[in-house]
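**Student:** sequence and predicted structure below; questions after.
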Amino acid sequence: MTARSVVLGPDVSRAQSAGHAVVALETTIFSELGLPRPHSVRALSEVTAAVVSGGSTPALTAVVDGEVRCGLEAVDQDRICGPATKMAARDLGRAVAQRWAYGATTVSAAVTVAAAAGVEVFATGGIGGVHRNAAVTGDISADLGAIASHPVITVTAGAKVFLDLERTVEHLETLGVPVLGWHCDEFPAFHSPSSGVALGATVTSAAEVARIADAHWQLGGGGIVVACPIPDHAAIDRAVLDGWVERALTLTGASDHGGPDVTPAVLSALADLSDGRTVEANLVLAENNAVVAAAIAVELASGRPTS
Ligand code: PSU
Ligand code: MN
C-alpha cells in the first residue's frame, strides 16, 4: 500500500508537514466490539486528549466509506463508538474494494495503516496474541505478524490475560520483534501489571525508546513493542482476575474454537463477571499507553528533519 492510498485527516496532515509528533490509534477498542457505551465515548475522548496533552496529534485509523483513513477528525463520534465490522490487516483491501461504510481497525490493521501513512508510533489497549488453546485451534492473532512487518512502535499494556502470554512473548521473539518493558522486566497482563513472563529488556525513558527504534530501523528492523504495565491504582488482583477469566472462557466456549469473535466475546463476559471493573481498568491503561506513546513520538520527531 502506498501513502497515496491512505487519506490523512487535516490535523495529521498539518502535523506531518510541520514535523510534529503523531500517534496512530486503533478503533476497534472504541467501537461496540471493544467497549460498551458510554465507556467507549469516554475512552475515545480520554485517549485522544492524552495524546494531545503529551504534545502529539492523535490519528484514529479506520475505513470510512471505502477509504482508508489516518485521522478521523471529520468523522462523528457516533460512528466511531457505534457498531463496527472488525478489520484485521488482511481485510483492508476488501473493505476498500467493497466500499465498506465503516470498518474498525484492530492492531494489525492499524499498524499497517500507520506505516503506509508514515506514522511511527501507535498506541492500543492490548495487542492480540497466542490463544491458550492455539495448539488445537491454531488461533494466533494477526497482530503479531503485522507488528513484525511494519516499522512502527506499538505501545501496549502487554496482552490480555486470557491469552497464553508466555507463548505470545515467545512468538514475538521468533518474529524478531524487540519487546521493551516500560519501567518493568515482565510482560504485563493487561488488567494486571505482572504475568511472570520475563522480558530481559527494560527501558526507562521515551528518549531511550527513540534511540533503540532509530538504531533498529537503520538496520532494516520492523516493529517494536513497548510493554507498559497498567498503573497500580487501576490494577486488578491476579487471583481474582484468573477466576473471572476461567469463567469467561467457559461461558463463551472460547476453549473450543478460534476466530475474530473470540476476543470481543471474552472481553464482554469479563466486563459482566467483574461488574465493570475490567472496563474501568481498560480505560485507565489505554489512556496511560497514549501518554507514553505521545512522549515517544515527541522524542522521535525531535530527531527528524522538518520538510
Ligand atoms: N484489547 C481490548 N479490546 C479490544 C482488542 C484488544 O481490550 O477490542 C482488539 C484489538 O483491536 C486487537 C484485537 O487488535 O482485539 C485482537 O483480536 P484477535 O484476537 O481476533 O486477533
Ligand atoms: Mn484470532
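**Tutor:** Received the coordinates, thanks. Numbering: from 1, shown residues only. Ligands and ions are numbered 1, 2, ... in the order given.
**Student:** from here on, contacts and neighbour counts on C-alpha atoms
**Tutor:** Will do.
**Student:** residue boundaries of the helices in this protein?
**Tutor:** Taking DSSP state H as the criterion, the chain contains helices spanning 10-18, 39-53, 77-80, 92-97, 107-117, 134-137, 142-149, 165-174, 206-218, 238-252, 262-273, 277-302.
**Student:** any idea which of these is most buried?
**Tutor:** helix 107-117 (a mean of 27; mean count of other Cα atoms under 10 Å).
**Student:** does ligand 2 sit close to that one?
**Tutor:** No - using Cα under 5 Å from the ion, helix 107-117 stays clear of ligand 2, coming no nearer than 11.1 Å.
**Student:** is that helix in proximity to ligand 1?
**Tutor:** Yes - judged by Cα under 6 Å from any ligand atom, helix 107-117 comes into contact with ligand 1 at residue 107.
**Student:** residues contacting that helix, please?
**Tutor:** 1-3, 6, 8, 24-26, 61-62, 68-70, 87-92, 120-122, 124, 127-128, 142-147, 150-152, 154 (Cα atoms under 8 Å, 6 or more residues apart in numbering).
**Student:** near ligand 2, which residues of the chain? Just list them.
**Tutor:** Residues of the chain that fall close to ligand 2, judged by Cα under 5 Å from the ion: 139, 141, 259.
**Student:** which single residue in the stretch 201-307 of the chain comes nearest to ligand 1?
**Tutor:** Residue nearest to ligand 1 within the stretch 201-307 of the chain (Cα to the nearest ligand atom): residue 260, separated by 3.9 Å.
**Student:** look up phi and psi at that residue.
**Tutor:** The phi/psi pair for residue 260 (degrees, to the nearest 10) reads phi -70, psi -20.
**Student:** okay, the closest residue to ligand 2 within the stretch 101-250 of the chain and residue 52: tell me how far apart.
**Tutor:** Ranked by Cα to the ion, the top residue of the stretch 101-250 of the chain for proximity to ligand 2 is residue 141, at 4.4 Å. Separation of residue 141 from residue 52 (Cα to Cα, to the nearest Å): 30 Å.
**Student:** just residue 237 next, same as before
**Tutor:** To residue 52, residue 237 is 31 Å away according to Cα to Cα.
**Student:** what does the stretch 1-150 of the chain put close to ligand 1?
**Tutor:** Within the stretch 1-150 of the chain, the residues that sit near ligand 1 (Cα under 6 Å from any ligand atom) are 28-29, 33-34, 106-107, 125-128, 141-143.
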